[in-house]
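Visitor: Let's see this in three dimensions:
(one chain, ligands or ions: 1)
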Amino acid sequence: TTTRVSGNMRRAGVKTRADASEGPPRAQPNPNQMLVLVPPHPLLKHWLAVARNVQTPPPIFRAAMAEIGRILIYECGRDWLQTFEAQVQGPLAIADVEYVNPEKPVCVVPILRAGLTLLEESASVLPSSVTYHLGYVRDEETLQPKLYLNKLPKQFAEDSQILVSDPMLATGGTIVAAIDEMVSRGASPKNIRIICVVASPVALTQLSERYPGLRVYAAMIDEVLNDDGYIVPGLGDAGDRAFGTM
Ligand code: URA
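Guide: Purely as a prediction, here's the structure:
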(Lines give C-alpha, C1' and ligand atoms only; values in the text may rest on other atoms or scores of the structure.)
Protein backbone atom coordinates (compact mmCIF):
# COMPACT_ATOMS: atom_id res chain seq x y z
CA THR A 1 0.00 0.00 0.00
CA THR A 2 1.33 3.41 -0.77
CA THR A 3 0.26 6.63 0.85
CA ARG A 4 0.27 9.83 -1.13
CA VAL A 5 2.10 12.57 0.70
CA SER A 6 1.50 16.13 -0.35
CA GLY A 7 4.41 18.50 -0.92
CA ASN A 8 3.46 20.55 2.16
CA MET A 9 3.51 17.49 4.38
CA ARG A 10 6.89 16.45 3.04
CA ARG A 11 8.31 19.94 3.54
CA ALA A 12 6.91 19.94 7.09
CA GLY A 13 8.85 16.75 7.75
CA VAL A 14 5.86 14.41 7.97
CA LYS A 15 6.87 10.85 7.30
CA THR A 16 4.19 8.36 6.30
CA ARG A 17 4.36 4.61 6.62
CA ALA A 18 1.80 2.21 5.28
CA ASP A 19 3.44 -0.84 6.81
CA ALA A 20 2.63 -0.46 10.49
CA SER A 21 1.48 -4.06 10.62
CA GLU A 22 4.99 -5.23 9.83
CA GLY A 23 6.08 -4.08 13.26
CA PRO A 24 7.73 -1.05 14.71
CA PRO A 25 9.75 1.16 12.38
CA ARG A 26 13.01 -0.56 11.57
CA ALA A 27 15.08 2.61 11.73
CA GLN A 28 14.86 4.58 14.96
CA PRO A 29 12.18 7.19 14.17
CA ASN A 30 13.49 10.72 13.94
CA PRO A 31 12.00 12.58 16.95
CA ASN A 32 11.96 15.75 14.84
CA GLN A 33 9.74 14.18 12.23
CA MET A 34 6.12 13.32 12.86
CA LEU A 35 5.24 9.77 11.92
CA VAL A 36 1.90 9.05 10.24
CA LEU A 37 1.02 5.36 10.07
CA VAL A 38 -1.66 4.00 7.75
CA PRO A 39 -1.88 0.28 8.51
CA PRO A 40 -2.57 -1.70 5.30
CA HIS A 41 -5.11 -4.03 6.90
CA PRO A 42 -7.99 -5.44 4.78
CA LEU A 43 -10.41 -5.07 7.70
CA LEU A 44 -9.48 -1.41 8.04
CA LYS A 45 -10.29 -0.93 4.33
CA HIS A 46 -13.54 -2.85 4.75
CA TRP A 47 -14.84 -0.84 7.70
CA LEU A 48 -13.71 2.41 6.09
CA ALA A 49 -15.77 1.48 3.00
CA VAL A 50 -18.80 0.89 5.23
CA ALA A 51 -18.27 4.22 7.01
CA ARG A 52 -17.80 6.14 3.74
CA ASN A 53 -21.08 4.85 2.32
CA VAL A 54 -23.79 7.50 2.73
CA GLN A 55 -26.41 4.72 2.88
CA THR A 56 -24.91 3.27 6.10
CA PRO A 57 -27.34 3.89 8.98
CA PRO A 58 -26.08 5.23 12.33
CA PRO A 59 -25.87 1.89 14.23
CA ILE A 60 -23.77 0.30 11.44
CA PHE A 61 -21.72 3.49 11.09
CA ARG A 62 -20.92 3.28 14.81
CA ALA A 63 -20.01 -0.41 14.49
CA ALA A 64 -17.65 0.41 11.61
CA MET A 65 -16.01 3.22 13.57
CA ALA A 66 -15.62 0.94 16.60
CA GLU A 67 -13.84 -1.67 14.47
CA ILE A 68 -11.57 0.95 12.91
CA GLY A 69 -10.78 2.20 16.42
CA ARG A 70 -10.01 -1.32 17.62
CA ILE A 71 -7.54 -1.97 14.78
CA LEU A 72 -5.83 1.42 15.18
CA ILE A 73 -5.49 0.93 18.95
CA TYR A 74 -3.87 -2.49 18.36
CA GLU A 75 -1.39 -0.90 15.97
CA CYS A 76 -0.76 2.01 18.28
CA GLY A 77 -0.11 -0.28 21.24
CA ARG A 78 2.25 -2.59 19.36
CA ASP A 79 5.52 -0.93 20.36
CA TRP A 80 4.03 1.27 23.09
CA LEU A 81 2.19 -0.69 25.78
CA GLN A 82 4.43 -1.62 28.66
CA THR A 83 4.50 -5.17 29.95
CA PHE A 84 6.04 -6.94 32.92
CA GLU A 85 7.29 -10.51 33.10
CA ALA A 86 5.70 -13.12 35.32
CA GLN A 87 5.18 -16.84 35.60
CA VAL A 88 1.84 -18.62 35.64
CA GLN A 89 0.94 -22.19 36.40
CA GLY A 90 -0.55 -23.58 33.19
CA PRO A 91 -2.44 -26.88 32.78
CA LEU A 92 0.80 -28.68 31.84
CA ALA A 93 3.66 -26.61 33.22
CA ILE A 94 4.76 -23.28 34.59
CA ALA A 95 4.96 -20.75 31.73
CA ASP A 96 6.91 -17.51 31.41
CA VAL A 97 4.40 -14.81 30.45
CA GLU A 98 4.02 -11.06 30.07
CA TYR A 99 1.12 -8.93 31.20
CA VAL A 100 0.32 -5.34 30.27
CA ASN A 101 1.37 -3.27 33.28
CA PRO A 102 -1.76 -2.13 35.16
CA GLU A 103 0.31 0.49 36.97
CA LYS A 104 0.84 2.34 33.69
CA PRO A 105 -2.70 2.92 32.43
CA VAL A 106 -2.94 4.63 29.05
CA CYS A 107 -4.59 8.06 29.31
CA VAL A 108 -7.31 7.99 26.68
CA VAL A 109 -8.60 11.36 25.48
CA PRO A 110 -11.68 11.27 23.22
CA ILE A 111 -12.47 14.54 21.49
CA LEU A 112 -16.27 14.76 21.80
CA ARG A 113 -18.51 13.86 20.18
CA ALA A 114 -17.10 11.83 17.36
CA GLY A 115 -13.96 10.69 19.22
CA LEU A 116 -16.13 8.44 21.37
CA THR A 117 -16.98 6.25 18.39
CA LEU A 118 -13.40 4.97 18.00
CA LEU A 119 -13.28 3.88 21.64
CA GLU A 120 -16.32 1.61 21.76
CA GLU A 121 -14.04 -1.47 21.72
CA SER A 122 -11.10 0.11 23.53
CA ALA A 123 -11.74 -1.65 26.84
CA SER A 124 -11.20 -5.01 25.17
CA VAL A 125 -7.94 -3.80 23.59
CA LEU A 126 -6.46 -1.86 26.51
CA PRO A 127 -6.39 -3.88 29.76
CA SER A 128 -5.89 -0.71 31.74
CA SER A 129 -6.79 2.85 30.81
CA VAL A 130 -8.22 6.04 32.25
CA THR A 131 -10.43 8.32 30.13
CA TYR A 132 -10.35 12.12 30.16
CA HIS A 133 -13.01 13.73 27.96
CA LEU A 134 -12.41 16.90 25.96
CA GLY A 135 -15.36 18.55 24.24
CA TYR A 136 -15.02 20.98 21.34
CA VAL A 137 -17.70 22.38 19.07
CA ARG A 138 -16.77 23.94 15.81
CA ASP A 139 -18.08 27.44 15.18
CA GLU A 140 -19.54 26.89 11.71
CA GLU A 141 -18.81 30.48 10.66
CA THR A 142 -15.23 30.91 11.78
CA LEU A 143 -14.48 27.14 11.74
CA GLN A 144 -12.62 27.76 15.03
CA PRO A 145 -12.93 25.17 17.84
CA LYS A 146 -14.62 26.19 21.11
CA LEU A 147 -13.80 24.19 24.25
CA TYR A 148 -16.98 23.36 26.20
CA LEU A 149 -15.86 20.40 28.37
CA ASN A 150 -12.44 19.77 29.86
CA LYS A 151 -11.96 16.72 32.10
CA LEU A 152 -8.16 16.60 31.71
CA PRO A 153 -6.15 16.22 34.92
CA LYS A 154 -4.54 19.43 36.22
CA GLN A 155 -1.14 17.93 35.50
CA PHE A 156 0.04 14.95 33.43
CA ALA A 157 3.17 13.08 34.49
CA GLU A 158 5.90 13.67 31.93
CA ASP A 159 5.87 9.97 31.02
CA SER A 160 2.06 9.72 30.74
CA GLN A 161 1.14 7.85 27.59
CA ILE A 162 -1.77 9.63 25.94
CA LEU A 163 -4.00 8.19 23.23
CA VAL A 164 -6.12 10.87 21.57
CA SER A 165 -9.15 9.85 19.56
CA ASP A 166 -10.57 12.18 16.89
CA PRO A 167 -11.87 10.55 13.71
CA MET A 168 -11.60 13.53 11.36
CA LEU A 169 -8.42 15.63 11.23
CA ALA A 170 -9.69 18.25 8.80
CA THR A 171 -8.49 21.84 9.20
CA GLY A 172 -6.40 20.74 12.19
CA GLY A 173 -7.86 23.49 14.42
CA THR A 174 -9.45 21.19 16.99
CA ILE A 175 -6.68 18.63 17.26
CA VAL A 176 -4.00 21.33 17.59
CA ALA A 177 -6.07 23.07 20.32
CA ALA A 178 -6.50 19.73 22.11
CA ILE A 179 -2.78 18.87 22.00
CA ASP A 180 -1.96 22.43 23.19
CA GLU A 181 -4.27 21.85 26.16
CA MET A 182 -2.52 18.57 27.06
CA VAL A 183 0.98 19.96 26.61
CA SER A 184 0.09 22.96 28.81
CA ARG A 185 -0.65 20.37 31.53
CA GLY A 186 2.74 18.70 31.31
CA ALA A 187 2.12 16.09 28.59
CA SER A 188 5.10 15.37 26.39
CA PRO A 189 4.30 15.33 22.64
CA LYS A 190 6.56 12.31 22.12
CA ASN A 191 4.23 10.32 24.40
CA ILE A 192 1.05 11.37 22.59
CA ARG A 193 -0.46 9.20 19.84
CA ILE A 194 -3.52 10.16 17.83
CA ILE A 195 -5.95 7.73 16.23
CA CYS A 196 -8.16 9.03 13.44
CA VAL A 197 -10.13 7.65 10.52
CA VAL A 198 -9.41 10.27 7.86
CA ALA A 199 -6.67 12.88 8.02
CA SER A 200 -6.07 15.77 5.64
CA PRO A 201 -2.57 16.93 4.68
CA VAL A 202 -3.48 20.40 6.04
CA ALA A 203 -4.07 19.00 9.54
CA LEU A 204 -1.02 16.74 9.43
CA THR A 205 1.21 19.59 8.31
CA GLN A 206 -0.04 21.82 11.14
CA LEU A 207 0.49 19.09 13.74
CA SER A 208 3.96 18.23 12.53
CA GLU A 209 5.08 21.85 12.45
CA ARG A 210 3.92 22.39 16.02
CA TYR A 211 4.60 18.96 17.55
CA PRO A 212 7.10 16.99 15.46
CA GLY A 213 7.38 14.21 18.07
CA LEU A 214 3.75 13.10 17.65
CA ARG A 215 2.54 9.92 16.02
CA VAL A 216 -0.69 9.67 14.07
CA TYR A 217 -2.47 6.40 13.20
CA ALA A 218 -4.98 6.88 10.38
CA ALA A 219 -7.17 4.61 8.27
CA MET A 220 -6.76 6.97 5.28
CA ILE A 221 -5.39 10.30 4.14
CA ASP A 222 -7.79 12.27 1.91
CA GLU A 223 -6.22 15.18 0.07
CA VAL A 224 -9.14 17.61 -0.31
CA LEU A 225 -10.85 19.98 2.15
CA ASN A 226 -13.93 21.84 0.93
CA ASP A 227 -14.79 25.48 1.70
CA ASP A 228 -16.75 24.41 4.79
CA GLY A 229 -13.69 22.64 6.21
CA TYR A 230 -15.02 19.15 5.47
CA ILE A 231 -12.78 16.39 4.18
CA VAL A 232 -13.64 15.17 0.65
CA PRO A 233 -14.56 12.40 0.11
CA GLY A 234 -14.22 11.88 3.89
CA LEU A 235 -17.18 10.58 5.87
CA GLY A 236 -19.29 13.73 6.16
CA ASP A 237 -19.95 14.89 9.72
CA ALA A 238 -18.81 11.87 11.73
CA GLY A 239 -20.64 12.95 14.92
CA ASP A 240 -23.93 13.51 13.09
CA ARG A 241 -23.64 10.21 11.25
CA ALA A 242 -22.85 8.28 14.44
CA PHE A 243 -25.58 9.82 16.55
CA GLY A 244 -28.26 10.26 13.85
CA THR A 245 -28.40 14.07 14.08
CA MET A 246 -28.06 14.75 10.33
N1 URA B 1 -15.52 16.92 11.09
C2 URA B 1 -16.19 15.90 10.51
O3 URA B 1 -16.93 15.19 11.18
N4 URA B 1 -16.02 15.69 9.21
C5 URA B 1 -15.20 16.44 8.43
O6 URA B 1 -15.08 16.19 7.23
C7 URA B 1 -14.53 17.51 9.05
C8 URA B 1 -14.70 17.73 10.38
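
Visitor: wait, what's in contact with the residue lying closest to residue 125 once chain neighbours are set aside?
Guide: Once flanking residues are discounted, residue 125 sits nearest to residue 73: 4.5 Å by CB to CB, 6 or more residues apart in numbering. No exception for glycine: its C-beta is placed from N, CA and C like everyone else's. With contact set as CB atoms under 8 Å, 6 or more residues apart in numbering, residue 73 has these partners: 118, 121, 122, 125, 126, 163, 195.

Visitor: Filter those down to the ones in helices?
Guide: Among those, DSSP state H puts 122, 125 in helices.

Visitor: what's the farthest-apart pair in the contacts of residue 73?
Guide: Spanning the widest gap among the contacts of residue 73 are 121 and 163, at 13.2 Å by CB to CB.

Visitor: ok, these two, which is more surrounded?
Guide: Counted by other CB atoms under 10 Å, residue 121 and residue 163 do not tie: residue 163 has more neighbours, with 26 against 18.

Visitor: Okay, that one and residue 200: tell me how far apart.
Guide: 21 Å (CB to CB, to the nearest Å).

Visitor: For the residue of the chain positioned farthest from its centre, give me the pLDDT.
Guide: Going by CA atoms, centre = their mean, the residue of the chain most distant from its centre is residue 92, 40.6 Å out. As predicted, residue 92 sits at a pLDDT of 98.

Visitor: Wasn't it part of a strand?
Guide: No. With DSSP: H, G, I helix; E, B strand; the rest coil as the criterion, residue 92 is coil rather than part of a strand.

Visitor: need the contact list for it.
Guide: Contacts of residue 92 by CB under 8 Å, 6+ apart: none found.
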